[in-house]
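Chemist: 3D, please:
(chains A and B)
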Amino acid sequence: MFVSVRLEAGRFRMTESRNTYMKKRKIFGLILFCFTFFIYIILFSFKRDLIISSLQYFMHIFVKVFYITLIVFIFIFLTNLFLKPKSIAKHLGKKSGLKGWIIAIISGIISMGSIYLWYPLLTELKEKGMRKGLIAAFLYNRAVKIPLLPLMVYYFGWLFALSLTLYTIIFSVFMGIIIERTS
Amino acid sequence: MLPILLSILLLISLYVTIIPKSFYSKFFTKNSIIDSVLGASLGSISTGHPVTSYIIGGELVKAGISLISVIAFILSWVTVGIIQLPAECYFLGKSFGIVRNILSFLFAIVISVLVVLTLKII
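Modeler: Next up is the predicted model:
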């Protein structure tokens, strides 16, 4: 009886702190948006052309980002549907070992789109038990762009592209280990 | 999530419109050590598609800027995100965002030195 009351109290505290956290996130988002809007309004009053070009560029990247955001949200939906905290903890959690690192590195390399589009999915995975170090490794490996390798080879040579790619992968593991010990 | 995403996109659009591509070549001194730190710093505050960083990097090498600084620039362009830092801290935690970005900055310099040394040895 005493144990079940304590468990209920613990669950209540967790839900309450999660709600406060969500509220804070919403407030932060609105403050940042108001701040950005304010910058645009101020600049528009004396640099109208600049703001028009900026908004045109915004529309251009918004369309691009829209499709990738859609893919990311489908990923989030699917992870919520199929990936339970237990399986995340098994494959990407504290005891995931070498397999966890390999998954983080490969998924970081093949992930598309801008870095900030992946934050919501990584937050979901973190809440389900993904290690911080693997999140850091995933984000660092986004520097390896397979589709852009021919361009890198064209400008800098294949030896350059190969060594930069290898060092990036190796240092992503160092990054993950340091992040886990510090943050 | 939507206000954050829109704010980041609007800030990136403003940045890309204000800063021309030629802006970057003005900063380098042709001293490898200073330039690698400068390259990493410029890459950190820059944003946009990585293709742009390759093109700027390629042009900087042609202009005689050291390879170390260009590698630091290209790498920090993708791995360090000062403009995206508020969003990263917001989603993944303040200490995670700050430590990850500082480490990425330092790693960009270290990797640039290692790549150049490797190219010299091979």
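Chemist: so where is the chain shaky, pLDDT-wise?
Modeler: You didn't pick a chain, so chain A it is. Of all residues in chain A, those with pLDDT under 70 make up the ranges A:1-25, A:65, A:68-69, A:72, A:79-80, A:82-90.
Chemist: you looked at the wrong chain, it should be chain B
Modeler: Answering for chain B: the residues below the bar, that is pLDDT under 70, span B:1, B:21, B:63.
Chemist: excluding chain neighbours, what is closest to the spatially most central residue of chain A?
Modeler: In chain A, the centroid-proximal residue (Cα atoms, centre = their mean) is residue A:119; its distance is 2.7 Å. Closest residue to residue A:119 apart from its sequence neighbours, by Cβ to Cβ, 6 or more residues apart in numbering or on different chains: residue B:91 at 3.7 Å. The way it works is simple: take the backbone N, C-alpha and C, and place the C-beta from them, glycine included.
Chemist: swap in residue B:29?
Modeler: If you skip the residues right next to it in sequence, residue B:29 has residue B:35 as its closest partner in space, 6.0 Å away by Cβ to Cβ, 6+ apart.
Chemist: quick check: the one you found touching residue B:66?
Modeler: Yes: contact between residue B:35 and residue B:66 holds when scored by Cβ atoms under 8 Å: they sit 5.4 Å apart.
Chemist: dump stretch B:80-87 to PDB, keeping only the CA atoms.
Modeler: Taking Å, rounded to 0.1, in the frame of the first residue of the first chain, the C-alpha atoms of stretch B:80-87 are listed here in PDB:
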ATOM      1  CA  VAL B  80      28.800  24.300 -35.200                       C
ATOM      2  CA  GLY B  81      25.600  26.300 -35.300                       C
ATOM      3  CA  ILE B  82      25.600  29.600 -33.500                       C
ATOM      4  CA  ILE B  83      22.400  30.600 -35.200                       C
ATOM      5  CA  GLN B  84      20.700  27.300 -34.400                       C
ATOM      6  CA  LEU B  85      22.100  27.100 -30.800                       C
ATOM      7  CA  PRO B  86      18.900  28.500 -29.100                       C
ATOM      8  CA  ALA B  87      16.900  25.700 -30.900                       C
END
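Chemist: and it, which residues are buried?
Modeler: Of the residues in stretch B:80-87, those buried by neighbour count under the rule 16 or more other Cβ atoms under 10 Å in any protein chain shown are B:80-81, B:83-87.
Chemist: and those residues near chain A, which?
Modeler: Contacts with chain A within those, counted by Cβ under 8 Å from any Cβ of the partner chain: B:81, B:84, B:86-87.
Chemist: give me the subset of these lying in helices.
Modeler: B:86-87 (DSSP state H).
Chemist: now do the helices in chain A.
Modeler: All helices of chain A, identified by DSSP H, fall at A:2-46, A:48-82, A:85-92, A:97-110, A:119-127, A:132-140, A:149-156, A:158-182.
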